[in-house]
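> next one to model:
(chains A and B)
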Amino acid sequence: GAGVSQSPSNKVTEKGKDVELRCDPISGHTALYWYRQSLGQGLEFLIYFQGNSAPDKSGLPSDRFSAERTGESVSTLTIQRTQQEDSAVYLCASSLNPGRGETQYFGPGTRLLVL
Amino acid sequence: QQQVKQSPQSLIVQKGGISIINCAYENTAFDYFPWYQQFPGKGPALLIAIRPDVSEKKEGRFTISFNKSAKQFSLHIMDSQPGDSATYFCAAHSWGKLQFGAGTQVVVTP
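Below you'll find the predicted structure:
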């Protein structure tokens, strides 16, 4: 079946512009996560959606970052007034049963470059 | 503050050798410890995982050793192959979220 998909695969933008990154999770997965991976670095947790519960936004680095999810479907991560330090790979993952730490399935990521 | 500390940052091993990656944690609320493998340009993928009531789990050439009292766990890759060249991340789960280590880049030379 289809895995997690993300779009665009690459995005180049100018400093100060807003960007939107999209994630389509695996159908039926109730949990959706966004991570940021800087060059050669680990995965930095950004935000976690679980069903209809309020999202866990504890990892968002600043108020320029926000995310929405439509029901248990598509999610959009928005970065306003982008800065050069926002350049990274943004990864989305989904999970069927997050309460027991079950497998997170990752998309291929969106590579963001802020000039 | 990184909740899961991973070492080494990188390692080079000859084909047929053993790769060992170590992770340590402090939070005793963690209840599930997966390892993810990431190839360049791809998202991470689950490799193997263990729960704290088990001291060892083996799947093919990959083994997790878990020491609950020391709050440490490790990944052993036996008979390393060039196709194992990738970045490996340990992780720990609590409350629906995973905390990842910083990653280990493994290079297997022919």
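
> next up, the contacts around the most centrally placed residue in chain A.
Central residue of chain A (CA atoms, centre = their mean): residue A:34, 3.0 Å from the mean position. With contact set as CB atoms under 8 Å, 6 or more residues apart in numbering or on different chains, residue A:34 has these partners: A:23, A:46, A:47, A:48, A:67, A:75, A:77, A:90, A:91, A:92. From N, CA and C alone the C-beta is placed, and that goes for glycine too.

> which parts of the helix or strand where the fifth one lies are buried?
With secondary structure defined by DSSP states H and E, residue A:67 is part of strand A:65-69. Across strand A:65-69, burial judged by 16 or more other CB atoms under 10 Å in any protein chain shown covers A:65, A:67, A:69.

> can you check stretch B:24-39 too?
B:24, B:25, B:30, B:32, B:33, B:34, B:35, B:36, B:37, B:38.

> cool, and stretch B:65-73?
B:65, B:66, B:71, B:73.

> neighbouring contacts of stretch A:57-64?
With CB under 8 Å, 6+ apart as the test, stretch A:57-64 has contacts from A:36, A:44-48, A:66-67, A:79-83.

> could you rerun that using 6 Å?
Contacts to stretch A:57-64, defined as CB atoms under 6 Å, 6 or more residues apart in numbering or on different chains, come from residues A:45, A:46, A:47, A:79, A:80, A:81.

> what about the residues you listed, which are in strands?
A:45, A:46, A:47, A:79 (DSSP state E).

> do you know how far the closest residue to the last one other than its chain neighbours is from chain B?
If I follow you right, that is residue A:79. Spatial nearest neighbour of residue A:79, chain neighbours left out: residue A:19 (5.1 Å); criterion: CB to CB, 6 or more residues apart in numbering or on different chains. The spacing between residue A:19 and chain B, counted by CB to the nearest CB, to the nearest Å, is 19 Å.

> dump the buried residues of stretch B:24-39 into CSV; add pLDDT as well.
Formatted as CSV, the buried residues of stretch B:24-39 follow (pLDDT from 0 to 100):
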residue, pLDDT
B:24, 97
B:25, 96
B:30, 92
B:32, 92
B:33, 95
B:34, 94
B:35, 97
B:36, 96
B:37, 97
B:38, 95
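
> now, which of those sits nearest residue B:82?
residue B:37 (14.1 Å; CB to CB).

> residues in contact with the helix or strand that that closest one is a member of?
Residue B:37 is part of strand B:33-38 when elements are defined by DSSP H and E. For strand B:33-38, contacts defined as CB under 6 Å, 6+ apart pick out B:44-50, B:73, B:75, B:86-92.

> hmm, try it at 8 Å
Outside strand B:33-38, the residues that touch it by CB under 8 Å, 6+ apart are A:101, A:103, B:23, B:44-52, B:62, B:64, B:66, B:73, B:75, B:86-93, B:98, B:100, B:103.

> circling back to that earlier point, most surrounded residue in the contacts of residue A:34?
residue A:92 (28 neighbours; other CB atoms under 10 Å in any protein chain shown).
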